[in-house]
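A.B. asks: Provide a 3D model corresponding to the input given below.
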Amino acid sequence: MTKYCGYLLREDWLLQRGVELGLEAPKTQRDALDIMLEASRNVRWQTGVYCDTKLRRVKTLQGKFSWCIAFASNDPYQGLPTSRPPEEKYIALKELLRKEVPPLWFRAS
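C.D. replies: Model prediction:
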């Protein structure tokens, strides 16, 4: 079972971020996905983690699906390290997302 180590992003947060970036409000599911992808790219570029992360879909322990900015994976074929990164790699993202803990592990959806 593939797992990812990262920070969760709520869809409504990503959509709001897209609006803040000046993107048009979504009219279709495809529009919403495009906005969420653009918003996640912006967050990753802004915090300097774009080249060290991938956006992945995960499932929480509560069974909810969410987007995750992943720093690591237990599957070496995912193109990510297999262990949590040092704090200096994720501190800017942690602060922007207002998280209080280091990146956590989640199951791939």
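A.B. asks: L80 is in contact with A72, isn't it?
C.D. replies: Yes. Judged on CB atoms under 8 Å, L80 makes contact with A72 at a distance of 5.3 Å. The C-beta positions use only the backbone N, C-alpha and C, and glycine is treated the same way.
A.B. asks: can you list residues touching both of those two?
C.D. replies: By CB atoms under 8 Å, 6 or more residues apart in numbering, L80 and A72 have these common neighbours: Y4.
A.B. asks: got the buried residues for the host helix or strand of D34?
C.D. replies: According to DSSP states H and E, D34 maps onto helix 29-46. Neighbour-count burial for helix 29-46 flags 32, 35-36, 39-40, 42-44 (criterion: 16 or more other CB atoms under 10 Å).
A.B. asks: Distance of the spatially most distant residue from the centre of the chain relative to I35?
C.D. replies: Distance from the C-alpha centroid of the chain, by CA atoms, centre = their mean, peaks at K27 (22.9 Å). Counting by CB to CB, to the nearest Å, the gap from K27 to I35 is 11 Å.
A.B. asks: Ok, S73 next?
C.D. replies: S73 is 25 Å from I35, by CB to CB.
A.B. asks: now L93
C.D. replies: 19 Å.
A.B. asks: Repeat that for C51.
C.D. replies: For C51, the distance to I35 - CB to CB - is 22 Å.
A.B. asks: For beta bridges, what are the partners of the residue nearest to the spatial centre of the chain?
C.D. replies: Among the residues of the chain, I69 comes closest to the average C-alpha position under CA atoms, centre = their mean, at 2.2 Å. The partner list for I69 in beta bridges (DSSP bridges) reads Y7, L55.
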